[in-house]
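Asker: Here is my input; please provide its structure:
(chains A and B)
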Number of protein chains: 2
Amino acid sequence: MPELRWGPLRRRWVIVAPERGKRPSDFRAQASPPGQGTSECPFCPGNEHLTPPEIARTPGPGGWAVRVVPNKFPALSDYPDLGLEGQGVFRKANGLGAHEVVIDSPDHARDLDRLPLEQVRLVVDMYIARLQALYSDGRFRYVQLFKNHGREGGASLAHPHTQIIATSVLPSEVEWRLAAARDHHAATGRCLLCEMMEEELSAQVRVVEEDDQFLVLSPYDTRFPFELLIVPREHAHDFPALSGEERASFAGVLKRSLARLSSLLGDVPYNFVLHTSPCGGDWPGIEGWYHWHLEIIPRLTKLAGFEWGTGMFINPMSPEAAAEHLRTAV
Amino acid sequence: MPELRWGPLRRRWVIVAPERGKRPSDFRAQASPPGQGTSECPFCPGNEHLTPPEIARTPGPGGWAVRVVPNKFPALSDYPDLGLEGQGVFRKANGLGAHEVVIDSPDHARDLDRLPLEQVRLVVDMYIARLQALYSDGRFRYVQLFKNHGREGGASLAHPHTQIIATSVLPSEVEWRLAAARDHHAATGRCLLCEMMEEELSAQVRVVEEDDQFLVLSPYDTRFPFELLIVPREHAHDFPALSGEERASFAGVLKRSLARLSSLLGDVPYNFVLHTSPCGGDWPGIEGWYHWHLEIIPRLTKLAGFEWGTGMFINPMSPEAAAEHLRTAV
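Answerer: A predicted model of the protein is given here:
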């Protein structure tokens, strides 16, 4: 069963989930490529019996348009409690959490960039429904929505899907990002992302797309070639609180951003990662200083020793050059 | 020319080094595999003219035993100054630094695990000579020694080599790790790694190897399957200050640790990363609370959306199980 571990040297929680691989020989062999066929694909229509029992579905012509199932190899799972305990300088806890998979559509071959806008809107609605359900569970500290696409992106199944992991501890990266926004607000009285957007709109060299509701940026401190940052123009700390109109607009900007990448780079492996408000009330005034955003990370470069040691990424593409390519890519 | 960028949302420095890749089409194509032949290998004897002018060498039978050359595509390079400037909420600076390659031996095919111990000792001596030279430069804040092995480890050349990058800013990961050790010492009066070693020696479930001078651990908060941590048993903050006897002992423990991994996992891609004291005197009392260590990271799992979003790694192998495999692997 999965377990949480924390060490004082790196001050990060990790998840030890031994079910996911057991003997050294399991690691020697290359992971098999994501299956191409649809007959054994557990996410294809007709194979619903191959997944664990369904959590939610959006009805559609062939039965469903979007489906949510538990991850068959969950990184975290159900426990009576967190069971946090110290072990000398270390800490451990039960791997309490949830791990769900959103199957984006019945279509085995088309990712969000090539699905009809109405389908992407249904997917966004489902993201929000599941985030709301997990946020209201009461046992979790954070809910992470993310997508892994392509082998290099960490996907183990080809059929397009998105994942949601709810954690019972506040992850380090989330904590640091919250602290950065809070500290900026404390020092300047301003929301960091509101101010950053103002600067980007005035500089206009890293703006990829702007409409009334969203800004798409090639980040100034870009870590990866063609990395993208989607930010709502109106200050909002909480992604699941999007209105109906905003959801439609977000579906469009997400689809177009992914289409820019695939138009420029082909079927590029990528991750996208939502950064939104955590669960619970540990961050007073968060409505005023946190601003949700979504990062899209094409996986074209490799992390290596320098990045592990220093946390500094080496990006072979300037954000200004990337923005120029991306602006004209759709 | 490389540039440093810093953003307030992630509070990390990144290196933007556009020479390393230019057009989107350069990213579409898969990187060519590390060359297998030795005739065009710039690190093989006889091809010395294919590298930039040599920085240092250890004499050997065929001319040299270890060679140090500048990286042909440096992540950081020479500038008159750092040229730090704010740009609204952002900061940028010149990509001032140094990027060197240590060619481990004339042997194209043998990594440190299979080189004679005396050769590994020469490599360690060269690491220390170059670290000392860069530490005394006066313009740098940190010097990162690391090795990328195998394609998944980020190596672009097959001939075994190690890299050294000197940075003119203190990298975020280094700062966090220093702060963790300093805070632990402030709270308890003890060195974090000294205390951790005591606990590990008493628990004995994650110890892979111990001798009089070094302890090899499978870390409690393990991020990667078969990750290893090498720690000097006697408190020491500064790797380059190793005595001659300690260097010989370190060469042995490094060689054996890598041999454990290859015996268990074959020619496994990996990174190793040295964590040692930074340059300059910004950390009062560091001799008392920092403790150098080296991490070896086999690259068997992929980082994906969850890790980017949360900073939490998912490890399919418990450190206790990994230690058991690794102990018996040589």
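Asker: how deep is residue A:87 tucked in, by neighbour count?
Answerer: Around residue A:87 there are 12 other residues, counting by other CB atoms under 10 Å in any protein chain shown. Bear in mind the C-beta positions are built from the backbone N, C-alpha and C, glycine included.
Asker: gap between the two ends of stretch A:98-113?
Answerer: 27 Å (CA to CA, to the nearest Å).
Asker: how far is that stretch from where the chain is centred?
Answerer: Relative to the centre of its chain, stretch A:98-113 is centred 13 Å away, using CA atoms, centre = their mean, to the nearest Å.
Asker: Give me the pLDDT for the residue nearest to residue A:6 when sequence neighbours are not counted.
Answerer: The shortest distance from residue A:6 to any non-neighbouring residue, by CB to CB, 6 or more residues apart in numbering or on different chains, is to residue A:91 (4.1 Å). What the model reports as pLDDT for residue A:91 is 95.
Asker: Tell me the secondary structure of residue A:91, please.
Answerer: When states are read from DSSP: H, G, I helix; E, B strand; the rest coil, the local structure at residue A:91 comes out as strand.
Asker: Looking at strand pairing, list the partners for it.
Answerer: Per DSSP bridges, residues listed as beta-bridge partners of residue A:91: residue A:6, residue A:86.
Asker: so where is chain A shaky, pLDDT-wise?
Answerer: Counting by pLDDT under 70, chain A contains low-confidence ranges at A:19-23, A:27-37.
Asker: sorry, back to before: what count of nearby residues applies to the residue nearest to residue A:6?
Answerer: Summarising burial for residue A:91: neighbours were counted as other CB under 10 Å, giving 18.
Asker: who touches it in this structure?
Answerer: Residues in contact with residue A:91, defined by CB atoms under 8 Å, 6 or more residues apart in numbering or on different chains, are A:5-6, A:84-85.
Asker: what ranges do the strands span in the stretch 51-200 of chain A?
Answerer: Counting by DSSP state E, counting those that start in this stretch, one finds strands in the stretch 51-200 of chain A at the ranges A:56-58, A:66-70, A:85-87, A:90-94, A:97-103, A:142-149, A:161-167.
Asker: what's the most buried one of those strands?
Answerer: Mean neighbour counts were compared across the strands of the stretch 51-200 of chain A using mean count of other CB atoms under 10 Å in any protein chain shown; the top stretch is strand A:142-149, at a mean of 26.
Asker: and that one, what does it pack onto?
Answerer: helix A:117-135, strand A:161-167, strand A:270-275, helix B:305-310 (3 or more CB pairs under 8 Å, 6 or more residues apart in numbering or on different chains; DSSP states H and E).
Asker: quick one, which of those is nearest to residue B:329?
Answerer: Distance to residue B:329, taken as CB to CB, is lowest for helix B:305-310 among the helices and strands packed on strand A:142-149, at 26.9 Å.
Asker: so what does the closest one touch, helix or strand wise?
Answerer: strand A:142-149, strand A:161-167, helix A:172-188, strand A:270-275, strand A:293-298.
Asker: Relative to chain B, which of the contacts of residue A:91 is nearest.
Answerer: When the contacts of residue A:91 are compared for distance to chain B (CB to the nearest CB), residue A:5 wins out at 4.7 Å.
Asker: surely that closest one meets residue A:14?
Answerer: Yes. In this structure, residue A:5 is within contact of residue A:14 by CB atoms under 8 Å, at 5.2 Å.
Asker: intersection of neighbour lists for those two?
Answerer: Between them, residue A:5 and residue A:14 have B:221-222 as joint contacts when contacts are counted by CB under 8 Å, 6+ apart.
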